[in-house]
Structures are given as structure tokens and as C-alpha cells.
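Colleague: Have a look at this fold, sequence not included:
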């Protein structure tokens, strides 16, 4: 019990920025479901079991339209394809986490990945429990925000335009923090350069997957030289 308590205390501060973004976006999603004609049970159960914000927003149109399971599957895979690359990056990180691994895999999202992959976990804190509580807290923030938005959607009247920028700003801060912490900036510069190149080649609607694939391929090819460079610094 003491191990879990210490891990929770270490994980919670890392998730506070996520709380702000997830609550705003979760409330927006719950309100969107409400005005689309769905009871609060829908956003509550969907945020609990799907836990993929972009897919959940798209699912509203799917539920209102004709039943096309293959189209829904293809759309979900396309939207969340980036998680394949997150998963590859976390193979070593999630080793030896025991029964927690199943939930860590299920709850892997952009924000949990960013924290669990980059956080400096104190030596006296169990890393497996730290990652579990980061994932659990982020999941709870989204679930609670979506549920409240569905419950009180008719009572909340405010302009939510531009709230999604909260998450963009958060990722910029995470990137800058990682930049300051790393000894070498080659991977970050490669990521930025390849992303820009793919953006120019494939445009905004289609650059994400090619960018992630090219970054993964280049970093795998350069893994040994990059590791030697870090060791010599």
C-alpha cells in the first residue's frame, strides 16, 4: 500500500496540466453528445470504454448515420494509427509491469505516453505503479469531464471555440521540457524536419502517418550512432 501511495503522489503533479485540457475537451464532448440527442450514459460509457477523444467525437456521426461496421473499423484504425508507433516506443518501458500492463496498453493516449516516456521517476518510486496512476488519472479526467458534460449539457452555455488549443500548448511545453533535458537534440531535429517534409509532400490531411513512419524508420537506422553520441557526451 505504501508503494502505491508514493507512486500516486509522484504521478499526480505530472497530470495536472492534462486535467485542465481533458476537462474542457471532455465537457465539450459531453455537451456535443447531449445536443446531438444522446443521454449522458452514452458519453459516460464511451469515455470509459473507448478512451480515444478523436474517435469518440467521430462516433457521434457514426451513431447518427447508417450502420457500417467496416467503415467504423477503418476510420478508427486511421485516426488512431499513431498509437502503433507509441506502442513500439513503449515496449521496453512496459516490461515487468505485471498485471498492470493490460490497463497501461488500453489507456495509452498521447498525454499518458508523453508523461510516461519522458518523466524522471524518483528512484524510490515504483515505475510500474507511477505509469499506472498517470494513465488512470488521465482516464478519470476524460471520463469525469465527458460525464458531467452529458449530465449538465443543457445548463452549460459558453463558447467552447478554441479550447482545443489547450492541448496544443501543453505539447509544446512537453517538447521544450524534453529539449532542455536531452543531451543531444538530433532526434528532435530529425522529427521536426521529417514532419515538415511530409507536411509539404502530403498536405495537412495526410501527413501524420507518413511522418511517424519516416521518423520511426530513420531513428531505427540511426539508433546505434545516436546511442554512441549520447554515451560520449
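Modeller: Perfect, thanks for sending it. Every value quoted in this text rests on a predicted model; they were computed, and no experiment measured them.
Colleague: ok, residue 42 touching residue 36?
Modeller: No: between residue 42 and residue 36 there is no contact, the gap being 9.0 Å when judged by Cβ atoms under 8 Å. Any C-beta I mention is one placed from the backbone N, CA and C, and that applies to glycine too.
Colleague: and those two? which has more neighbours close in?
Modeller: Relative neighbour count places residue 42 above the other of residue 42 and residue 36, with 20 against 14, counting by other Cβ atoms under 10 Å.
Colleague: what comes up buried for the helix or strand containing the more buried one?
Modeller: Element membership for residue 42 (DSSP states H and E) is helix 41-49. By 16 or more other Cβ atoms under 10 Å, the buried positions in helix 41-49 come out as 42-44, 46-47.
Colleague: Looking at these, which is nearest residue 55?
Modeller: Using Cβ to Cβ, residue 46 is the member of the buried residues of helix 41-49 that lies nearest residue 55, at 9.0 Å.
Colleague: for the residue lying closest to that closest one once chain neighbours are set aside, what are its contacts?
Modeller: What sits nearest to residue 46 in space, not counting adjacent residues and going by Cβ to Cβ, 6 or more residues apart in numbering, is residue 56, at 5.4 Å. Going by Cβ atoms under 8 Å, 6 or more residues apart in numbering, residue 56 touches 29, 43, 46-47, 50, 146.
Colleague: out of these, who's nearest residue 184?
Modeller: Using Cβ to Cβ, the shortest approach to residue 184 within those belongs to residue 50, at 37.5 Å.
Colleague: just to confirm, which helix or strand has the nearest residue to the closest one once chain neighbours are set aside in it?
Modeller: Counting by Cβ to Cβ, 6+ apart, residue 50 lies nearest to residue 56, which is 5.6 Å off, once chain neighbours are set aside. Counting by DSSP H and E, the secondary-structure element that holds residue 56 is helix 53-64.
Colleague: Kindly provide the whole-number mean pLDDT of that helix.
Modeller: The pLDDT scores in helix 53-64 average 83.
Colleague: tell me which residues in the very next helix or strand once past it are buried?
Modeller: Past helix 53-64, further along toward the C-terminus, the next helix or strand under DSSP H and E is helix 69-79. For helix 69-79, a neighbour-count test (16+ other Cβ under 10 Å) marks 72, 75-76, 79 as buried.
Colleague: rewinding a little: can you give the contact residues for the helix holding residue 42?
Modeller: Contacts for helix 41-49 (Cβ under 8 Å, 6+ apart): 26, 29-30, 33-34, 56, 59, 63, 142-143, 145-147, 149-150.
Colleague: Closest one to residue 103 out of these, please.
Modeller: Of all the contacts of helix 41-49, the one sitting nearest residue 103 is residue 143; the distance, using Cβ to Cβ, is 13.6 Å.
Colleague: so how far is residue 20 from the closest one?
Modeller: Between residue 143 and residue 20 the distance is 16 Å, computed by Cβ to Cβ, to the nearest Å.
Colleague: of these two, who's got more company?
Modeller: Neighbours per residue (other Cβ under 10 Å) separate residue 143 from residue 20, with residue 143 holding more: 20 against 14.
Colleague: pLDDT score assigned to the more buried one?
Modeller: Looking at residue 143, its pLDDT reads 95.
Colleague: Contacts only, for it.
Modeller: Shown here is residue 143, whose contacts under the criterion Cβ under 8 Å, 6+ apart are 26, 44, 47-48, 51.
Colleague: any idea which of those residues is closest to residue 120?
Modeller: Set against residue 120, the nearest of the contacts of residue 143 by Cβ to Cβ is residue 51 (25.9 Å).
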